[in-house]
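*Asks:* predicted structure and sequence below. I'll ask about it afterward.
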Amino acid sequence: MSDLPQSELDQLANNIKNWGKELGFQQVGISDINLEQHKEALSHWLEKGYHGEMQFMGAHGEKRYKPDQLVPGTLRIISVRMDYLPPDAKFAKSLRKTNSAYISRYAHGRDYHKLMRNRLKKLGEKIQAYFSNTQFRPFVDSAPVLEHAIAEKAGIGWTGKHTLTLNQEAGSWFFLGELFINLPLPTDTPVEEKCGSCVACLKICPTQAIVAPYTVDARRCISYLTIENSGSIPVEFRRAMGNRIYGCDDCQLICPWNRFGQITQEPDFHTRESLQSPSLLTLFNWTETQFLKYTEGSAIRRIGYERWQRNIAIALGNADFDNAILDALEVKRVNSSELVAEHILWAISEQKRKQNDQRIPIQQERQILRLVRSVEKGLPRDA
């Protein structure tokens, strides 16, 4: 417990918000540590098995909603927002071209984990310099931390029906980070939820992973399937994945609030050259050495070369028929792992099926057009 008077704690809270913005965060809020109201929903979600292979979601018991058990002495949590939408994001172009790869826009630049953690550490050090008894610990999408619940309490935004944090001035194109701290700082007021009766995100999800408002079955989610899932991707979801080889932004692209999305001020989040409208065949033909080279410092590298090949094989199966695709699939199949070979064989069968019917299924075509129109109307001019 600090011995700072309330007036000084108020001043420190203002300083923290200013320091945070100087460090590149677009918003800083302060939350208390009472997250008990999320216990029942988390337990229900886990009981349903919606976490899939993400066993870490069920680990650590009460630490998720009792932050002071994770970091003893914690009295407050500083929540920060950092926008990541790269300029010239080319959403519509990538969605239209079935032979191009779609990669979730958060992964176009440098991996945010280390960058944000370092900035949060610097923020903690600034606070420590102000008050030497300060103890802190930064988190960025790590450990048992309910980041969206914390952001909500800290006034960063509200939790949308797709379970992402929404901000009326920035949509949802931002990363979240947290700084656990042992000072009784004044807390911010949560903002009012503004989703209303809108269910666009539920309807647009290609695999119907948002099974109810505020509930995502990760086992159906393309982001989970392409990133967290280590094994075979269920056949029932493969066609719906389209050309999405790493993550999926559909529920964000359709969200009306993302018309207010802000272009990132962080150059490290700009799209790297190797990921500028890449063709599926180019990425599929990367050797493992090239994959490691071109994804160095990127969040993409964490899935490894095998899953990268698996994901692209599915996208190639979903692409318009092309003899060059068939040839590439046949060549790769020879020396691929059992996991990748299974998906390549599926892709080959899909390509051959299209030799006499090259039409995109009507439902999928309508969904893509709906997304494209939403993107072209709603995104910031530079996106």
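*Replies:* That came in fine, so what should we check first?

*Asks:* what's the following helix or strand after the helix ranked longest in the chain?
*Replies:* When the chain is parsed with DSSP state H, its longest helix is helix 112-130. Note on helix 112-130: by DSSP states H and E, the next helix or strand toward the C-terminus is strand 136-139.

*Asks:* what is the burial count for residue 101?
*Replies:* Look at residue 101: counted by other CB atoms under 10 Å, it has 24 neighbours. Any C-beta I mention is one placed from the backbone N, CA and C, and that applies to glycine too.

*Asks:* surely it and residue 94 touch.
*Replies:* Yes. With contact defined as CB atoms under 8 Å, residue 101 and residue 94 form a contacting pair (7.5 Å).

*Asks:* OK, contacts around the residue nearest the centre of the chain?
*Replies:* Centroid-nearest residue in the chain, with CA atoms, centre = their mean: residue 106, separated by 6.3 Å. Residues near residue 106 by CB atoms under 8 Å, 6 or more residues apart in numbering: 84, 112, 173, 175, 247, 299.

*Asks:* and it, helix, strand or coil?
*Replies:* When classified by DSSP: H, G, I helix; E, B strand; the rest coil, residue 106 comes out as helix.

*Asks:* distance of it relative to residue 214?
*Replies:* 21 Å (CB to CB, to the nearest Å).

*Asks:* over to residue 108?
*Replies:* On the measure of CB to CB, residue 108 and residue 214 end up 28 Å apart.

*Asks:* with residue 179 instead?
*Replies:* On the measure of CB to CB, residue 179 and residue 214 end up 26 Å apart.

*Asks:* these two: which is more packed in?
*Replies:* residue 179 (26 against 13).

*Asks:* tell me where this protein has strands.
*Replies:* 27-31, 76-83, 102-103, 136-139, 158-159, 165-166, 174-181, 210-212, 215-216, 244-246 (DSSP state E).

*Asks:* end to end on stretch 243-256, go ahead and measure it.
*Replies:* Taking CA to CA, to the nearest Å, stretch 243-256 runs 24 Å from one end to the other.

*Asks:* low pLDDT regions in the stretch 201-350 of the chain?
*Replies:* Low-confidence segments of the stretch 201-350 of the chain (pLDDT under 70): none present.

*Asks:* circling back to that earlier point, now for residue 101 and residue 94: what residues contact both?
*Replies:* Joint contacts of residue 101 and residue 94 (CB under 8 Å, 6+ apart) are residue 243.

*Asks:* excluding chain neighbours, give the residue nearest to residue 33 in space.
*Replies:* Once flanking residues are discounted, residue 33 sits nearest to residue 67: 4.4 Å by CB to CB, 6 or more residues apart in numbering.

*Asks:* report the separation between the one you found and residue 85.
*Replies:* For residue 67 relative to residue 85 (CB to CB), the value is 29 Å.

*Asks:* ok, back up a step: ok, and for the longest helix of the chain, which residues are buried?
*Replies:* Neighbour-count burial for helix 112-130, counted by 16 or more other CB atoms under 10 Å, picks out 112-113, 115-117, 119-120, 122-124, 126-127, 130.

*Asks:* where do the helices sit along the stretch 151-300 of the chain?
*Replies:* Ranges of helices in the stretch 151-300 of the chain, per DSSP state H, counting those that start in this stretch, are 200-204, 222-223, 235-241, 250-253, 280-284, 288-294.

*Asks:* tell me the most buried of these?
*Replies:* Across the helices of the stretch 151-300 of the chain, averaging neighbours per residue (mean count of other CB atoms under 10 Å) puts helix 250-253 on top, at a mean of 26.

*Asks:* now do that helix: which elements does it pack against?
*Replies:* helix 200-204, helix 362-378 (3 or more CB pairs under 8 Å, 6 or more residues apart in numbering; DSSP states H and E).

*Asks:* weakest of those by average pLDDT?
*Replies:* Note on the helices and strands packed on helix 250-253: lowest mean pLDDT is at helix 362-378, with a mean of 66.

*Asks:* OK, contacts around the closest residue to residue 268 other than its chain neighbours?
*Replies:* In this structure, residue 268 finds its nearest non-sequential neighbour in residue 110, 4.0 Å apart by CB to CB, 6+ apart. Residues counted as contacts of residue 110 (CB under 8 Å, 6+ apart) are 268, 269, 297, 298.

*Asks:* can I get the buried part of those residues as one PyMOL selection?
*Replies:* Typed into PyMOL, the next command selects the buried ones out of the contacts of residue 110 (criterion: 16+ other CB under 10 Å):
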select buried, resi 269+298
